[in-house]
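# Please work out how this folds:
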Amino acid sequence: GGGGGGGASGSGAVGGGLWQRTARVALVSSFLTSVLVGDAAPVDESDGAGMNLLDIHTRHWSQKALHAVAAVASARLPEGAAGGLRPTQLRQMLGNVVEPYKVVGNISSYFVARLGIPRGARVVAGSGDNPCTLAGFGLTAPPPAGAGDDDGGGAGGGHLAPRMLVSLGTSDTLLAPVARSNLSPEPQRGGGGDAATPGDDLLVGHCFPSPIEPKPAAFLMLCYKNGGTLRANLAQQLLAHRRGRGAAGHDPWRCFSEVAGAAFEDAAAGKDVEFRVVLDMPEITPVIERPGQYGCRFTAAGPRPLWFGGRGGGGGEAEAEALVRGHVLSRFLSMYTRMRRLRPDDAPPSPRDAILVGGGGARSDGMLQVLADVFGCAVIRTETSDFAAALGAALRAKHGCMCGDGFVPFKDAIDNASLARLQGFTLSEEAEAAGGGRVFRPRAQYRDAAKFLATNYEAFERDIGRFYLNGRDSSGADEGFDLDWGVDIDGAHLGAAAATVALGAFFALRR
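Numbers count the residues shown, from 1 in each chain. Predicted structure coming up:
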């Protein structure tokens, strides 16, 4: 599928001869491109990276990954069955990888006859929804420090410059273009200088080649499953408690937004602060399979024991408010700390930097204000996110045709005035003042609190992993777990985690 699924058909146990009956392994994006050109099309390197088989530095299929997948596929065959998978065989099935702005052929005669598409119309390599969304907003890597006033992906003119895109929908996603990937196959140090668990940097987020710029440009992605549906449940729960005491108001989203916007007040006032990772379903960032609440209260004396509890509806209005504040604060602190680890060399946000936000959650003024406070830069609410992926695909097609004689900058595919309207970033100070609440600036009184909470949250989220992997929640009891931020996961659990990551490539291929 778009963004990393797709592959040979079949599920469950692999029967003998399945791979021998497989001619091609494709993503949905490359399959649809194949339909358009009437022949097997190559894989776009931006979408192909989601298969965990692409070396993001060389932009070629990784020989180590191919050997690993072939070994796992062959090992899953029933005992005595023939028809294992060879790395060279898998490589042939995958086909070639091409730059995302590559023309891969002309429209097939079928669509010329059936739909009247002009003969000779060129087809550019298809890509996934996230790469195309990035293209739809024209987001490119920011210029190096000291490179001048160029806005990178912005429309110019001395206005706010887009650096990241956050979608608050059914799931929550953050996309950030970078000039090059800082990821390394070697273990990296975690936040605060602690020695990292081997491979820890690979569990922070995802990295893909840029869909609109040449190597080594890339984009980083974080994705959280527990998004809009969870927030709707929290909002309804909060509204029910307020109605129970006769409070006025019938809009659950307005109630949610008001409470969310107060997430920093306790920290700024020197009161205890509670982090909560609230899950209605298994989460992928961080990887947690058991729904419930993972929380920790930070006091003047330091952090209290980490705890786990179910997702019951009890606790009254105060608890409902704590769930809302805890979810919003933890979600954005998670995005911030993970982006900081993925981009350790980045300079702090400048007054011109901005984050573009779309999706249903962008209706909440409170959430967007907290996002601005956490990241320390402006946040812009956009109305174009619903069709950004489709628009990005169209812009990529135009850009690909323009690159026939060599790469040209993506900004040449669209004029500045159109880009300004799409991004919603090019607001002068006067326009911002009358912008109807579309721009949210970080509040100076919460700057120190944001820095303090970010440092502590990074340690909190790492300890959720230790708490979960060590099986402390297996009984279902709300037992505590003392935070000890210098202790690594033991070798046995680390080995299991590494095996899970290795097997993930095969299962993604099978889907």
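# Give me the average confidence score over the strand or helix carrying residue 104.
With elements delineated by DSSP states H and E, residue 104 resides in strand 103-106, which encompasses its position. Within the predicted structure, the mean pLDDT of strand 103-106 is 97.
# How far does the helix or strand just after it sit from its chain's centre?
Beyond strand 103-106 in the direction of the C-terminus, DSSP H and E gives the next helix or strand as helix 109-115. The gap between where helix 109-115 is centred and where its chain is centred comes out at 38 Å by CA atoms, centre = their mean, to the nearest Å.
# Residues contacting helix 109-115, please?
The set of residues external to helix 109-115 that reach it, using CB atoms under 8 Å, 6 or more residues apart in numbering, is 36, 38, 117, 118, 119. C-beta: built from backbone N, CA, C; applies to glycine.
# Apply 10 Å and report the result again.
35-38, 106-108, 117-121, 123 (CB atoms under 10 Å, 6 or more residues apart in numbering).
# From those residues, list the buried ones, please.
The neighbour-count test (16 or more other CB atoms under 10 Å) marks 36, 37, 106, 107, 108, 117, 123 as buried among the contacts of helix 109-115.
# who does the closest residue to the first one other than its chain neighbours bridge with?
In this case it means residue 36. Closest residue to residue 36 in three dimensions, ignoring its sequence neighbours and counting by CB to CB, 6 or more residues apart in numbering: residue 123, at 4.9 Å. As for beta bridges, residue 123 partners with residue 105 under DSSP bridges.
# does residue 123 really touch residue 108, like I thought?
Yes: in this structure residue 123 lies within contact range of residue 108 using CB atoms under 10 Å: 8.7 Å.
# Number of residues surrounding residue 206?
Residue 206 is surrounded by 21 other residues when neighbours are defined as other CB atoms under 10 Å.
# circling back: wait, which of the contacts of helix 109-115 is closest to residue 245?
Distance to residue 245 across these (CB to CB) is lowest for residue 35, with 58.4 Å.
# any idea how far residue 230 lies from residue 166?
Note on residue 230: its distance to residue 166, by CB to CB, to the nearest Å, is 16 Å.
# er, residue 124 actually
The spacing between residue 124 and residue 166, counted by CB to CB, is 27 Å.
# ranges for the helices of the stretch 51-200 of the chain?
In the stretch 51-200 of the chain, helices defined by DSSP state H, counting those that start in this stretch lie at 63-75, 87-94, 109-115, 129-136, listed in chain order.
# Dump the shortest one to CSV, restricted to CA.
These are the backbone C-alpha positions of helix 109-115, laid out as CSV (Å, rounded to 0.1, in the frame of the first residue of the first chain):
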residue,chain,number,x,y,z
SER,A,109,-3.2,2.5,-25.8
TYR,A,110,-6.0,1.2,-23.7
PHE,A,111,-6.5,4.5,-21.9
VAL,A,112,-6.1,6.4,-25.1
ALA,A,113,-9.0,4.5,-26.7
ARG,A,114,-11.1,4.2,-23.5
LEU,A,115,-10.8,7.7,-22.0
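# picking up where we left off before, with neighbour numbers in mind, choose between residue 230 and residue 166.
The residue with more neighbours, out of residue 230 and residue 166, is residue 166; 26 against 23, by other CB under 10 Å.
# just the helices of the stretch 51-200 of the chain: most buried one?
The highest average neighbour count among the helices of the stretch 51-200 of the chain, using mean count of other CB atoms under 10 Å, belongs to helix 129-136 at a mean of 26.
# got a list of what residue 272 touches?
Applying CB under 10 Å, 6+ apart, we find residue 272 in contact with 266, 297, 298, 299, 300, 301, 304.
# same check, this time on residue 251
Residue 251 makes contact with 235, 239, 257, according to CB under 10 Å, 6+ apart.
# now do residue 452
267, 268, 273, 298.
# so it is in which element?
The secondary structure element spanning residue 452 is helix 447-469 (assigned by DSSP H and E).
# what about that helix, average pLDDT?
In this model, helix 447-469 has an average pLDDT of 82.
# Distance from the chain centre to it, please.
The mean C-alpha position of helix 447-469 is separated from the chain mean by 19 Å, CA atoms, centre = their mean.
# likewise stretch 73-90?
Its chain's C-alpha centre lies 33 Å from the corresponding centre of stretch 73-90 when counted by CA atoms, centre = their mean.
# what about the strands in the stretch 151-300 of the chain?
Listed in chain order, the strands of the stretch 151-300 of the chain (DSSP state E, counting those that start in this stretch) span residues 161-168, 172-178, 206-209, 218-224, 273-279, 283-284, 287-288, 292-299.
# The stretch 301-450 of the chain now?
Listed from the start of the chain, the stretch 301-450 of the chain has strands (DSSP E, counting those that start in this stretch) covering 302-303, 306-309, 353-358, 378-381, 439-440.
# I'd like those written out as CSV, with mean pLDDT and mean neighbour count added.
Shown next, in CSV, are the strands of the stretch 301-450 of the chain (pLDDT from 0 to 100; neighbours: other CB atoms under 10 Å):
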stretch, mean pLDDT, mean neighbour count
strand 302-303, 74, 13
strand 306-309, 82, 20
strand 353-358, 90, 25
strand 378-381, 91, 24
strand 439-440, 91, 22
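# Next, format these as JSON lines and append distance to residue 277.
Formatted as JSON lines, the entries for these read as follows, by distance: least, CB to CB, whole Å:
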{"stretch": "strand 302-303", "distance to residue 277": "15"}
{"stretch": "strand 306-309", "distance to residue 277": "10"}
{"stretch": "strand 353-358", "distance to residue 277": "21"}
{"stretch": "strand 378-381", "distance to residue 277": "22"}
{"stretch": "strand 439-440", "distance to residue 277": "24"}
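# Figure out which of these is closest to residue 390.
With CB to CB as the yardstick, what comes closest out of the strands of the stretch 301-450 of the chain is strand 353-358 (13.6 Å).
# The closest one versus strand 161-168: what angle between them?
30 degrees (axes from the mean of the first three to the mean of the last three CA atoms, to 10 degrees).
# can you pull the alpha-carbon coordinates of strand 353-358 into CSV?
Once non-C-alpha atoms are left out, strand 353-358 reads as follows in CSV (Å, rounded to 0.1, in the frame of the first residue of the first chain):
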residue,chain,number,x,y,z
ASP,A,353,9.8,28.9,11.1
ALA,A,354,6.3,27.5,11.0
ILE,A,355,4.4,24.2,11.2
LEU,A,356,1.5,23.6,8.9
VAL,A,357,-1.4,21.7,10.6
GLY,A,358,-4.4,20.0,9.0
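# Just the helices from the stretch 251-400 of the chain, written as ranges.
252-260, 265-268, 316-342, 365-375, 388-402.
# Ranking those by mean neighbour count, which comes first?
When neighbours are counted by mean count of other CB under 10 Å, the highest per-stretch mean among these falls to helix 365-375, a mean of 25.
# tilt between that helix and strand 353-358?
Relative orientation of helix 365-375 versus strand 353-358 (the same axes, to 10 degrees): 150 degrees.
# Which strands or helices does helix 365-375 pack on?
Secondary-structure packing of helix 365-375 (3 or more CB pairs under 10 Å, 6 or more residues apart in numbering; DSSP states H and E): strand 161-168, helix 252-260, helix 316-342, strand 353-358, strand 378-381, strand 439-440, helix 447-469.
# tell me the angle of the helix holding residue 452 relative to strand 273-279?
Helix 447-469 and strand 273-279 meet at an angle of 50 degrees, taking the same axes, to 10 degrees as the criterion.
# mind listing what's buried in helix 447-469?
Judged by neighbour count (16+ other CB under 10 Å), helix 447-469 contains these buried residues: 449-450, 453-454, 456-469.
# Return the per-residue confidence for residue 388.
pLDDT at residue 388 comes out at 83.
# and what of residue 144?
The per-residue pLDDT reported for residue 144 equals 63.
# cool, and residue 310?
In this prediction, residue 310 carries a pLDDT score of 66.
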